[in-house]
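Asks: coords please:
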Amino acid sequence: MPDTPDVRVRMLPYIVAATFFMEYLDTTIIATALPQMAQSFGIGPNELSLGMTAYMLTLAVFIPISGWVADRFGSRTVFGAAIAIFTFASILCGFSQNLWEFTAARVLQGVGGAMMVPVGRMIVVRSTDKTRLMKAIATITWPAIVAPVVGPSIGGFITTYASWHWIFLMNVPFGIAAFCAVMAIVRNEHGAGKRPLDLAGFFLSGAALTSLLYGTEIASHMEANIKVALGFIAGGIVLGWFAWRHMQRAEHPLLDFSNLKIPTYSVTVITGSLTRIGIDSVPYLMPLMFQIGFGLTAFQSGLLLLATALGNLGMKAFTTRILQRFGFRRVSVTNAAIAGCMIIACGLLAPSTPLPVILGVIFCYGLSRSMQFSTLATLAYADISDARKSSASTLWSVAQQMTIGMGIAFGALALRIAAYLRGESIEAAGAHFTLGDFQWAFAMAGVVTLISVQGYRGLARDAGSNIGGGMRQAQAQARR
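Replies: Sure, this is the predicted structure:
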């Protein structure tokens with residue numbers, strides 16, 4: 001890339017971020033519309049969860065193949081097609097008349113989403129010079145951080161004052177605009193050589209991720225049998241081991257695990273996954289605590305959660321400067337510790353806690369969440385060569401999607417464990433959660449996040465310096 005990037009390159013992160021926000025918002029906003037949709041279809045809300053599960057499992061199957069498809073057919077072709085499919089499927093969702101039409105539309109939407117996020121990230125990483133990578137990654141990371149927080153509030157507003165159909169139909173103008181921008185701006189880059197599709201790896205990884213994510217989906221439902229959920233998760237782990245063994249031996253593996261030999265990449269995938277599980281359990285636990293433990297309505301709970309969104313957005317203005325000043329190692333270690341402590345602090349909130357204190361704790365959690373996720377997303381590509389960016393983006397997307405589901409499952413499981421230790425049977429746990437159960441669940445999530453601090457301590461002190469991490473600190477030392 002030239003030293004002075006042209007306007008097109010500068011616009012890329014914003015275009016990709018817009019598509020990411022559309023996809024991430026869609027996955028979180030729908031939960032608030034389930035009762036109204038179920039009434040419209042003449043079924044129970046629990047039956048409608050089939051549509052949500054179908055979308056999630058479609059992502060699990062097709063995300064691993066996204067890198068191969070982009071290399072074969074061109075990044076612009078695949079990204080544009082993914083946006084078009086996602087937008088068209090949104091129209092079908094909005095006009096669905098029954099459960100089966102809705103489920104089929106969600107499967108199609110999942111195919112678009114599975115290609116849209118990893119390929120969009122790959123396009124930005126490929127097109128951005130490393131001197132500007134921190135800013136570009138920070139731009140495309142905010143949708144994943146903000147959308148899960150603001151989604152329930154937006155969904156509640158739409159279903160209250162309009163109808164559930166608009167949750168999907170509002171994607172249409174954004175999708176059309178994004179598609180036109182992509183066709184005009186993005187270059188259609190192909191991978192080096194046409195490697196054959198690893199069919200065995202595709203089926204093994206798809207089966208493993210499907211089993212893992214379906215198990216985590218079951219675990220997130222309070223009325224579900226936890227033993228069944230753990231069985232699916234265990235099966236996914238076993239299948240994942242077979243997939244890993246196969247791809248270690250394959251000449252052209254679908255997922256290239258050799259990237260994990262790069263320290264800055266492996267720490268973001270492995271240690272980062274542990275961090276994300278702890279942090280991502282909070283958006284599941286907090287609304288439940290406010291409604292069950294505090295006795296608030298869903299709308300009141302959503303308003304409180306907006307403080308997290310403000311923290312997420314507020315940190316964006318400082319992320320790059322903080323990384324440039326202190327470096328990736330110091331920031332990841334310090335901020336992971338802060339995030340763990342803030343998660344534990346969330347569990348110490350009570351109905352008697354003054355509102356400013358509640359908002360302050362939630363806001364600070366949002367700050368730490370945003371900083372850690374941006375740090376991980378940027379550091380992942382610090383030492384990845386151009387030839388490896390496609391495979392690195394695919395594996396990163398797989399890890400991110402998996403840990404979102406596992407964070408929710410961990411929060412649900414932690415609640416059940418707390419209720420079980422209080423005396424309820426593990427099958428019945430969830431029928432009567434107490435405020436104390438939430439305190440213990442937040443404590444477990446915080447401890448998981450704090451444990452991950454040790455992994456970041458293994459980073460080199462100059463990790464990420466080639467993309468500007470610790471730049472100002474190094475310059476200050478050089479002047480002394």
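Asks: when you work out contacts or count neighbours from here on, use the C-alpha atoms and nothing else.
Replies: Fine.
Asks: so for Val357, what's the pLDDT?
Replies: If you check Val357, the pLDDT there is 95.
Asks: got a list of what it touches?
Replies: For Val357, no residue counts as a contact, taking CA atoms under 8 Å, 6 or more residues apart in numbering as the criterion.
Asks: name the element it belongs to?
Replies: With elements taken from DSSP states H and E, the one containing Val357 is helix 355-379.
Asks: before we move on, what about Leu34?
Replies: Here Leu34 is covered by helix 34-41, with elements defined by DSSP H and E.
Asks: list the contacts of that helix.
Replies: Contact with helix 34-41 is made by 44-45, 48-49, 97-99, 159, 163-164, as judged by CA under 8 Å, 6+ apart.
Asks: just how off-centre is the helix holding Val357 within its chain?
Replies: Relative to the chain's own centre, helix 355-379 is displaced by 15 Å; criterion: CA atoms, centre = their mean, to the nearest Å.
Asks: buried ones in that helix?
Replies: By neighbour count with 16 or more other CA atoms under 10 Å, helix 355-379 contains the buried residues 358-359, 361-379.
Asks: over to stretch 172-182?
Replies: Neighbour counts using 16+ other CA under 10 Å place 172, 175, 178-179, 181-182 of stretch 172-182 among the buried residues.
Asks: dump these into CSV; add pLDDT, secondary structure and distance to Arg416 as well.
Replies: Putting those into CSV (pLDDT from 0 to 100; DSSP: H, G, I helix; E, B strand; the rest coil; distance: CA to CA, whole Å) gives the following:
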residue, pLDDT, secondary structure, distance to Arg416
Val172, 90, helix, 40
Gly175, 90, helix, 40
Ala178, 89, helix, 42
Phe179, 91, helix, 44
Ala181, 89, helix, 47
Val182, 89, helix, 46
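Asks: now, which of those residues sits nearest Leu313?
Replies: Out of the buried residues of stretch 172-182, the one with the shortest distance to Leu313 is Ala178. That distance is 22.1 Å, counting by CA to CA.
Asks: so how far is Met170 from the closest one?
Replies: The spacing between Ala178 and Met170, counted by CA to CA, to the nearest Å, is 13 Å.
Asks: for Trp440, same thing?
Replies: With the distance defined as CA to CA, Trp440 ends up 39 Å from Met170.
Asks: and whichever helix in the chain runs longest, how far out from the chain's middle?
Replies: As assigned by DSSP state H, the longest helix anywhere in the chain is helix 389-422. With CA atoms, centre = their mean as the basis, helix 389-422 stands 10 Å off its chain's centre.
Asks: helices or strands next to it in the packing?
Replies: helix 66-73, helix 99-127, helix 199-219, helix 272-280, helix 282-288, helix 435-451 (3 or more CA pairs under 8 Å, 6 or more residues apart in numbering; DSSP states H and E).
Asks: same list, those helices, but as CSV with mean neighbour count and distance to Leu304 please.
Replies: As requested, the helices and strands packed on helix 389-422 are arranged in CSV below (neighbours: other CA atoms under 10 Å; distance: least, CA to CA, whole Å):
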stretch, mean neighbour count, distance to Leu304
helix 66-73, 22, 37
helix 99-127, 24, 29
helix 199-219, 23, 25
helix 272-280, 27, 17
helix 282-288, 21, 9
helix 435-451, 23, 17
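Asks: mind putting the ones you listed in JSON lines, mean pLDDT and distance to Phe410 included?
Replies: Compiled in JSON lines, these are given as follows (pLDDT from 0 to 100; distance: least, CA to CA, whole Å):
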{"stretch": "helix 66-73", "mean pLDDT": "87", "distance to Phe410": "27"}
{"stretch": "helix 99-127", "mean pLDDT": "88", "distance to Phe410": "23"}
{"stretch": "helix 199-219", "mean pLDDT": "85", "distance to Phe410": "8"}
{"stretch": "helix 272-280", "mean pLDDT": "92", "distance to Phe410": "7"}
{"stretch": "helix 282-288", "mean pLDDT": "84", "distance to Phe410": "10"}
{"stretch": "helix 435-451", "mean pLDDT": "93", "distance to Phe410": "8"}
